[in-house]
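Participant: Quick one, what's the 3D model for this:
(one chain, ligands or ions: 1)
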Amino acid sequence: MHPAHTPADTRHEDPVPEPPEAPTVSDSERLLFGGELAYDVGWEQHEGAWLKLGLLAMARALPRMVATGLRLAHLADARALRVVLGAEVGRGVTQAVGLVAVNSVLGHVLAGGTTNERLARAVPSLGLVAVTALLGSLLRSASTAATGELEPKVQRVATERYLGLVHRVELAAIEDDEFHRLLDAARYGADSARRMIRYCTNTLNSGISLIAAASVLTVLHVALLPLLVLMTLPSAWSSLTISKQRYISFHTFVQHARAGHLLGQLLTQREAAAEVRVHEVGPFLLGHFREMAETSEREQTRLARNAARIGLVADGASGAATLLTYGALGLLLWSGRMDLAVAGTAVLAIRAGASSLDGLVLQMADLHQESLFVADYERLCAEAQARAIPQTGEDLPGRVREVRFEKVTFTYPGSGGETPDPTLREVSLSFPMGKVIALVGANGSGKSTLVKLLAGLHLPDEGGGTIWWDGVDAAKADRGQIFARIALMSQSFFRWPFTVRVNIGIGRPTVPIEDEAVRNAAAFSGADRFIAALPRGFGTLLGRGYKGGREASGGEWQLVGISRAWYKRAEILVVDEPTSALDAVAEQRVFDQIRALAATGQTIIFITHRLHSVRHADVIHVMKDGRLAESGTFAELMDEDTGTGDFRDSYLIQAAAFADTVPAQRAPAEDTRAEERS
Ligand SMILES: Nc1ncnc2c1ncn2[C@@H]1O[C@H](COP(=O)(O)OP(=O)(O)OP(=O)(O)O)[C@@H](O)[C@H]1O
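Facilitator: Predicted coordinates for the structure are as follows:
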């Protein structure tokens, strides 16, 4: 048995210096992942953004953040928002009135006279204290109920809005990495919008309480306001610092936990099981798992001690400020510049104000982080609107005679600012309706791309030619009408995690699914045979990992995809290598069916590498390096006088390979089939 390659072995081998921004990365993480294992997704960029901000910067950004929260809430439910706002302002007023009433109670209690007399004089003010407390409590309940009502509505409105916009953007946007990162962050933004409502309410509440306490203090004595600031600032600083420490600790823990989780998954994953055993990967990964856990534990200990130290300093600062405040109060009392009753109220107001400010600082930190995600969300919505497929446009003719590409050039969007070369270059060709048109060419020559442009999924580059649907330019046409006329039987059809019935019926989702038509579609491709063997037939859920779900094989899925395209019954059927996963018998059956369809006048655009199967096409377009190499019938392309040789050479290579491998003595059944095919 070979010794496992343990973390200890790598500790001295790896010369990569530890990056300064990630001091907690273990040797194992550097060896296995090249450093910290962070997600490369849009939302990750804002994680912990508030750590970079100070109190002042956050305070400056506060009005903008609250305004965003209010706008979202207004969109979701204006009435509930009014209730929250009214209740919060009302709570501030009751707190202020309550403090004034307490002041009056103290004034009466501390004034001259017998105890009974003093209590009797204080009764009305005591009553007011009770009423304001009751009112405050009722208003808090109203605000909590309305916030609870607002939160899910805001999330739904935000989610619906972005999903509604995103499903209509151009395919080019979906394939654009930048848009995808934004989409990723914005998905998180809908949840953030929900949380933002709670944080906004809490911020408003803390802010209004602080204003109430500050106003009462100013009325009692002007010198009390600076005292409030003096006492609350150290405690606000300590709250923020400790919560920052907690966040850093959490982030470090999560990062190691993520790496550890990944190792755990790899050790138990089915796909890795053979290598884990044969190559003895188990001890190797377990060793690294332990090394990462130990690094994490050391870091947790360091952070915990650090947090304790900061807590002590902060508490010390808070204590000193409290001492100063009460010292100043005592001085005012001693010098006769303040009544005892006022001093008593001031103590209460200062305590209330300090706790409001503490809350405000923490809420601001959370609000700030959420607002970054909500800002992404807003940017995504704007971007999705700008990149939406237009919902109007010129009508296509009722009966189109041909779709013609005129000098069409197309470039896929680049990633990371690079400008890629065009995938299609000045392609001019025609797709006559009612015919079978074959598209052939080497891998990567642009066949599938051409078909995506035909289907209206992409448009030619700016100034890169025109796609004509008779006299209508596809770029100006109502794109919905183009989509409606095309059904795609492609190699990359989608595997919906739904029942077989829906997987076929989703080919035409605008009308209710008809069972009879679904059965016919399944019979068309031959999928009916495997469906009959499923535990619940057409009602079987296709999707492993769900209860009652069943996974179909690649070929079975392909038959479902073919049935779906057929179910759409569109004017143009695009067949893009849909049989790559089918066995020879199933493939022949699908080809036979397609040929039978062609005989009924169905337009079929057919992409294949099996050149033998395009012999009966009405026209064959041959693509090469993004350009049209040649076009014609099979006979024309094979003729040395009319063809360029691009098709003929490839055909002859395939034919020779086939001829070489066919045994001299063929089985009679194969002979018959070959004849049938030709
Ligand atoms: N979504 C995409 N983004 C960027 N480039 C792409 C994208 N899809 C295809 N390409 C590139 O465009 C070129 C043409 O691809 P396309 O799929 O159209 O070729 P094809 O002729 O259909 O190939 P195959 O026979 O292998 O299916 C390839 O170089 C491919 O890498």
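Participant: Kindly report the residues of this protein close to the ligand.
Facilitator: 175, 412, 423, 441, 443-449 (C-beta under 6 Å from any ligand atom). In this view, the C-beta of every residue, glycine as well, is placed from N, C-alpha and C.
Participant: make it 8 Å
Facilitator: 175, 412-413, 420, 423, 441-452, 491, 576-577, 607, 609, 623, 626 (C-beta under 8 Å from any ligand atom).
Participant: which of those are buried?
Facilitator: Buried subset of these (neighbour count, 16 or more other C-beta atoms under 10 Å): 412-413, 423, 441, 445-452, 576-577, 607, 623, 626.
Participant: Narrow the residues you listed to those in helices?
Facilitator: Counting by DSSP state H, these place 447-452 in helices.
Participant: distance of the closest residue to the ligand within the stretch 201-350 of the chain from residue 265?
Facilitator: Taking C-beta to the nearest ligand atom, the ligand has its nearest neighbour within the stretch 201-350 of the chain at residue 271, 25.0 Å off. Applying C-beta to C-beta, to the nearest Å, the value for residue 271 to residue 265 is 10 Å.
Participant: Check residue 194 too.
Facilitator: 30 Å.
Participant: who has more neighbours, the two?
Facilitator: Relative neighbour count places residue 194 above the other of residue 194 and residue 265, with 21 against 10, counting by other C-beta atoms under 10 Å.
Participant: what's the nearest residue to the more buried one if we skip its chain neighbours?
Facilitator: residue 155 (3.8 Å; C-beta to C-beta, 6 or more residues apart in numbering).
Participant: Need the phi and psi values for the closest residue to residue 519 other than its chain neighbours.
Facilitator: Ranked by C-beta to C-beta, 6+ apart and with sequence neighbours excluded, the top spatial neighbour of residue 519 is residue 528, at 7.0 Å. With angles defined as degrees, to the nearest 10, residue 528 sits at phi -60, psi -30.
Participant: Relative to the ligand, how far out is residue 528?
Facilitator: Per C-beta to the nearest ligand atom, to the nearest Å, residue 528 is found 28 Å from the ligand.
Participant: what about that residue, distance to residue 324?
Facilitator: Here the criterion is C-beta to C-beta. By it, residue 528 lies 86 Å from residue 324.
Participant: if we can go back for a sec, between the ones in helices among the buried ones among the residues of the chain next to the ligand, which sits nearest residue 78?
Facilitator: Distance to residue 78 across those (C-beta to C-beta) is lowest for residue 452, with 43.6 Å.
Participant: Verify the stated contact: residue 595 with residue 616.
Facilitator: Yes. Between residue 595 and residue 616 there is a contact at 7.1 Å, judged by C-beta atoms under 8 Å.
Participant: elements contacting the strand or helix carrying residue 137?
Facilitator: For residue 137, the element it lies in under DSSP states H and E is helix 115-166. The helices and strands touching helix 115-166, judged by 3 or more C-beta pairs under 8 Å, 6 or more residues apart in numbering; DSSP states H and E, are helix 55-76, helix 78-110, helix 177-220, helix 340-386.
Participant: Relative to residue 652, which of those helices is closest?
Facilitator: In terms of C-beta to C-beta, the element of the helices and strands packed on helix 115-166 nearest to residue 652 is helix 177-220, at 41.9 Å.
Participant: which ones are touching residue 374?
Facilitator: Taking C-beta atoms under 8 Å, 6 or more residues apart in numbering as the contact definition, residue 374 lies against 68, 72, 189, 192-193, 196.
Participant: repeat that with 10 Å
Facilitator: 65, 68-69, 71-72, 158, 186, 188-193, 195-196, 367 (C-beta atoms under 10 Å, 6 or more residues apart in numbering).
Participant: Just the buried ones from these, in ChimeraX syntax?
Facilitator: To isolate the buried members of the contacts of residue 374 in ChimeraX, using 16+ other C-beta under 10 Å:
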select :65,68,69,72,158,186,188,189,190,191,192,193,195,196,367
